[in-house]
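Engineer: 3D model of this:
(2 chains)
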Amino acid sequence: MSQARGSADELMRSGVLVRVPHALREYTNGQDEVLLEALDVASLLRSLDATFPGIRDRVVDETGQPRRYVNVFVNEDLVRGDFEAARLHPGDVVHILPSVAGG
Amino acid sequence: MAKTVKKGSTAVLVGTKKGAFLFHSPDRGRWSRIGPYFEGTPVYHVMLDPRDGRTAYAGATSEHWGPTVHRARIGGDFARAKEAPKFPEGANLAVTRIWHIEPGHPDEDGTLYVGVEPAGLFRSDDRGDHWRSFDALNLHPSRGGWRPGNGGLCLHSVLVDPRDARHLLVGISAVGAWETRDAGATWTPENRGVRADFLPEKYPETGQCVHKLAWDAAADGSVFQQNHCGMYYRGAGGGRWTEVSAGLPSTFGFPIAAHPHRRKTAYIVPLVGDFNRVPPKGQLAVWRTGNAGRTWRRLTRGLPGPGAYMGVLREGLAVDRGDPVGVYAGTNTGELYGSRDEGESWRTIAAHLPPILSVSAGEVR
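Structural biologist: This is a model prediction of the structure:
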């Protein structure tokens, strides 16, 4: 299930809100937020990819490892390492953000 | 950004550390620019498909979001292909950079090859939307011994035999040249006669640091190689490479552009050495052979120097298919030089670009 800009009530009831960075909005038809149901970050990314094909590859590589300069936060907590172990709950907000890198 | 590029124009496509640019000209004298495309993103290679003269392909490698393949009608906006090349599941390898995009055989419309880092070769049969890994090479039993050079473990040269689509020759930095004659089912290292000064064994089976490969226009299987340790030529029969560095100011350089029509003719840009990657004597010079490297001629008219201390990277030298042929050199200081008289004289096409990673040229049809 995906839904753009879920209201605060919907979010509290049913889903996890994903904030999509500007660079990946070409995958989401311009949507900056997507509402999904998922139990952990790994399954969240698979659900996101099912709706917007190709977007998961920008966050993790083909070995499943997070890309080196991409950070995923659940609410205000940076997810380190295993996305399967990063549990989600209704009302959580997941931020996908480029790290401070490059030049 | 989409603009029209007239048929019959010459297009020079330039990949840089901060996006890609297209220069086009009706006479190779007056140039117009389109771009930058992929602003801020390194583009290691962008090229015009010579099979139709109007489709451009680019490999963009975002440091954040990873590598992607794109295509455009020349002058138009690039659209992302459906997938990027990926190593097979379980290989424990991930593509970090797209180094080179090569059009497939002229009889195989829509076929492309890409060479990537870490070293890998992939093929698409649908203009870049889906990719197949050459596992016999990418997962070769010797891979555990492949060691990256300074430029990374990159597969940067892909040559498709115009006589036989099943015959490919590829180059991998610090691993060597590899050849298949059965469309990739089996591969053999082809490094006999090529020196590896940086290894205890000077002529090993693999481990040579090939910098670039280019077919000779003879289209008989003859091939040029710029190596970390010299210039080489291999004749039509294959087998051993012959070093042809005599007469050059050094054994070190990166790019090669073979003449598209004239056999045994190629252009290179020697640098002082791996310890000092600048032109000898502070003079940027393109060197040309017309006899498969037996002799070389230094071409400098219109190129910067003395006092020029830049380099031309692996993909930074290209030829068009005009008559006389046009030659183009892009520097890692962001200047693009062009010659429309086979390298005899040069003019600046563009300056103040980001560091140039690749140059390719072709006729728009």
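
Engineer: quick one: contacts for the residue of chain A found nearest chain B?
Structural biologist: Residue of chain A nearest chain B, by Cβ to the nearest Cβ: residue A:61 (3.6 Å). To be clear about C-beta, it is placed using only N, CA and C from the backbone, and glycine gets the same treatment. When contacts are counted by Cβ atoms under 8 Å, 6 or more residues apart in numbering or on different chains, residue A:61 touches A:67, B:66, B:94, B:95, B:96.

Engineer: Which strand residues bridge the second one?
Structural biologist: What it means is residue B:66. Judged by DSSP bridges, the bridge partners of residue B:66 are residue B:62.

Engineer: Enumerate every residue touching it.
Structural biologist: Per Cβ under 8 Å, 6+ apart, neighbours of residue B:66: A:57, A:58, A:61, A:67, B:84, B:95, B:96.

Engineer: Among these, which lie within helices?
Structural biologist: Cross-referencing these against helices under DSSP state H gives A:57, A:58.

Engineer: Could you give the bridge partners of residue 72?
Structural biologist: Answering for chain A, as no chain was given. residue A:96.

Engineer: nope, chain B
Structural biologist: residue B:56.

Engineer: On the pLDDT front, check it for me.
Structural biologist: According to the prediction, residue B:72 has pLDDT 98.

Engineer: Narrow the contacts of residue A:61 to just the buried residues.
Structural biologist: Among the contacts of residue A:61, those classed as buried by 16 or more other Cβ atoms under 10 Å in any protein chain shown are A:67, B:66, B:94, B:95, B:96.

Engineer: Near whichever residue of the stretch 101-250 of chain B sits closest to chain A, how many residues? Count them for me, please.
Structural biologist: Nearest residue of the stretch 101-250 of chain B to chain A: residue B:133, at 10.2 Å (Cβ to the nearest Cβ). Counted with other Cβ atoms under 10 Å in any protein chain shown, the neighbours of residue B:133 add up to 21.

Engineer: who's in contact with it?
Structural biologist: B:85, B:86, B:87, B:88, B:91, B:120, B:121, B:122.

Engineer: Could you rerun that using 7 Å?
Structural biologist: Taking Cβ atoms under 7 Å, 6 or more residues apart in numbering or on different chains as the criterion, residue B:133 is in contact with B:87, B:88, B:120, B:122.

Engineer: Whichever residue of the stretch 51-200 of chain B sits closest to chain A: what's it in contact with?
Structural biologist: Here the residue of the stretch 51-200 of chain B nearest chain A is residue B:94; by Cβ to the nearest Cβ that distance is 3.6 Å. Residues near residue B:94 by Cβ under 7 Å, 6+ apart: A:61, A:62, A:63, A:65, B:87.

Engineer: tell me the centre residue of chain B?
Structural biologist: For chain B, the residue sitting closest to the mean C-alpha position, by Cα atoms, centre = their mean, is residue B:315 at 4.0 Å.

Engineer: List the beta-bridge partners for that residue.
Structural biologist: Under the criterion DSSP bridges, residue B:315 forms beta bridges with residue B:358.

Engineer: Tally up the residues packed near residue B:35, please.
Structural biologist: Neighbourhood size, residue B:35 [other Cβ under 10 Å]: 19.

Engineer: same deal with residue B:132?
Structural biologist: Using other Cβ under 10 Å, residue B:132 has 13 neighbouring residues.

Engineer: nearest to residue B:48, of the contacts of residue B:94?
Structural biologist: For the contacts of residue B:94, the residue nearest residue B:48 by Cβ to Cβ is residue B:87; the value is 28.0 Å.

Engineer: thinking that closest one is in contact with residue B:93, fair?
Structural biologist: Yes. Under the criterion of Cβ atoms under 7 Å, residue B:87 makes contact with residue B:93 at 4.0 Å.
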